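S.K.: sequence and predicted structure below; questions after.
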Amino acid sequence: MIVETNSIRQFAARLAGIGLLAFAAAHPAYATLGGAEVTVLADQTQTGATLRTVYGAKYTMHELQAPSGTTVREYIAPTGMVFAVAWQGPSMPDLRQLLGAHFDQYVAGVAARRNVRGPVSMQLPGFVVQSGGRMRSFAGRAYVPEGLPQGVSADELR
């Protein structure tokens, strides 16, 4: 009887693990601004990107290089929060995924601009976004000013 109970528990644990993997695979390709660091490895697996991690005294930077050539950098505070994201490459990353909860605010800010073409530079409540480029050469960054670790300047986020 004990063996059967352990077998059932092991089967349930495996089934739960498979469910979590399927759930993670259906989520966004990049960690979201203001989100947790734990999504970075899932991001790498889902996008087929190469991952390079740079550990610093003030923050950790995860750099994902997608097969398309676009690079996304995710800046992680010592608290584990993604306080900034930056991108550069031949195609724009999915900003809905990168900006997460801030995306709707970003869209509203872009819509309110008089000139909808050209570079974007907006300081909105709770976050800053700057983006620009031309076909096959895009770059930008977004960050949460209140989330910048002590001693970190927005100029460092590229």
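M.R.: Ah, there it is.

S.K.: so what's residue 138 up against?
M.R.: Counting by Cβ atoms under 8 Å, 6 or more residues apart in numbering, residue 138 makes contact with 70, 87, 88, 89, 90, 91, 92, 131, 132. For glycine as for every other residue, the C-beta is placed from the backbone atoms N, C-alpha and C.

S.K.: please indicate which of the residues you listed are buried?
M.R.: Taking 16 or more other Cβ atoms under 10 Å as the criterion, what is buried in the contacts of residue 138 is 70, 87, 88, 89, 131.

S.K.: make TSV out of those residues and add distance to residue 56.
M.R.: Listed next are the buried ones among the contacts of residue 138 as TSV, based on distance: Cβ to Cβ, whole Å:
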residue	distance to residue 56
70	23
87	20
88	19
89	23
131	24
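
S.K.: of the residues you listed, which belong to strands?
M.R.: Mapping the buried ones among the contacts of residue 138 onto strands (DSSP state E) picks out 87, 88, 89, 131.

S.K.: helix, strand or coil for the most centrally placed residue in the chain?
M.R.: Nearest residue to the geometric centre of the chain (Cα atoms, centre = their mean): residue 31, 2.7 Å. In three-state terms, and counting by DSSP: H, G, I helix; E, B strand; the rest coil, residue 31 is coil.

S.K.: how near is it to residue 151?
M.R.: To residue 151, residue 31 is 22 Å away according to Cβ to Cβ, to the nearest Å.

S.K.: what is the burial count for residue 119?
M.R.: 11 (other Cβ atoms under 10 Å).

S.K.: what sits against the residue found closest to it once you drop the neighbours it is linked to in the chain?
M.R.: Spatial nearest neighbour of residue 119, excluding adjacent residues (Cβ to Cβ, 6 or more residues apart in numbering): residue 132 at 3.2 Å. Counting by Cβ under 8 Å, 6+ apart, residue 132 touches 118, 119, 120, 138, 139, 140.

S.K.: list of residues touching stretch 149-158?
M.R.: Contacts to stretch 149-158, defined as Cβ under 8 Å, 6+ apart, come from residues 58-59, 73, 75, 77-78, 83-84, 86, 88, 128, 141, 143, 145, 148.

S.K.: redo that, cut-off 10 Å
M.R.: Contacts to stretch 149-158, defined as Cβ atoms under 10 Å, 6 or more residues apart in numbering, come from residues 56-59, 61, 73, 75-79, 81, 83-86, 88, 128, 130, 139, 141-143, 145, 148.

S.K.: end to end on that stretch, go ahead and measure it.
M.R.: From its first residue to its last, stretch 149-158 covers 16 Å (Cα to Cα, to the nearest Å).
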